[in-house]
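Undergrad: Predicted model, plus sequence, below.
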Amino acid sequence: MTELHSQIREIIETEDVALFMKGTPQFVMCGNSHRALEALRRAGAPVTAVDILPDPRIREELSALSGWPTIPQVFVRGELVGGADIVEELEANGELEQTLRAKLGDEYRGAGEERVVAVA
Amino acid sequence: MAARTLTELLEAAFPGDEVSVEDRTGGGDHFQVTVASARFDDLSLVEQHRLVYDALATPLADGTIHELRIKTKGTT
């Protein structure tokens, strides 16, 4: 078990909303990562972003853990919610907000600032 | 990778179901795929998309798909 593997798993399991993306919220490097981020922002999610670009091993370890081949990937309290298409669809039909409310509580919108954590 | 190849992979994985593949940029690496299948009924969106990813595992793994957008529909 590598340190990187443990770091990624810990982020998935402990962060309220983890977004693995290309780039950072301040400098998004991919259209799909942008779509996922904007859908999460519309839902008021307290996003913890992880940039997968600095090291190709981040993406390899992440996909090995999640079984999901593409980026971005969104997790809420350890559970894979999906990639950009799913997160956009769930935001549009209100289910994303329901999930956030159910997992994080009714006051989740004020629960945390958007932030970035680095791995590796 | 032509859209035709993706279509064939999806048709093999979802025989008889409604499958469409759009090459979004004309460059052969940004695709929008849509699949409507009874197999999606009662599955979560994550499970539905996993079935599509499974069908396209080869072009996803070898990097020929640069960007993939997926839309899945059940029949109910």
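TA: Okay, I see it.
Undergrad: Please compute how far whichever strand or helix holds B:Glu11 lies from its chain's middle.
TA: Here B:Glu11, judged by DSSP states H and E, is contained in helix B:3-13. With CA atoms, centre = their mean, to the nearest Å as the basis, helix B:3-13 stands 8 Å off its chain's centre.
Undergrad: OK, contacts around the spatially most central residue of chain A?
TA: Most central in chain A under CA atoms, centre = their mean is A:Leu19, positioned 1.6 Å from the mean C-alpha point. Contact analysis of A:Leu19 by CB atoms under 8 Å, 6 or more residues apart in numbering or on different chains lists A:Ser33, A:Ala36, A:Leu37, A:Leu40, A:Val47, A:Thr48, A:Ala49, A:Val50, A:Pro72, A:Gln73, A:Val74. The C-beta positions use only the backbone N, C-alpha and C, and glycine is treated the same way.
Undergrad: which parts of stretch B:69-76 are buried?
TA: B:Arg69, B:Ile70, B:Thr72 (16 or more other CB atoms under 10 Å in any protein chain shown).
Undergrad: okay if I get the residues you listed as TSV plus pLDDT and secondary structure?
TA: Output for those, formatted as TSV (pLDDT from 0 to 100; DSSP: H, G, I helix; E, B strand; the rest coil):
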residue	pLDDT	secondary structure
B:Arg69	96	strand
B:Ile70	97	strand
B:Thr72	97	strand
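Undergrad: Let me have those residues in JSON lines, extended by distance to A:Glu95.
TA: Below are the buried residues of stretch B:69-76 laid out as JSON lines (distance: CB to CB, whole Å):
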{"residue": "B:Arg69", "distance to A:Glu95": "19"}
{"residue": "B:Ile70", "distance to A:Glu95": "17"}
{"residue": "B:Thr72", "distance to A:Glu95": "15"}
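Undergrad: if we look at chain A, which of those residues are close to it?
TA: B:Arg69, B:Ile70 (CB under 8 Å from any CB of the partner chain).
Undergrad: Let's verify A:Phe20: helix, strand, or coil?
TA: Three-state call for A:Phe20 (DSSP: H, G, I helix; E, B strand; the rest coil): strand.
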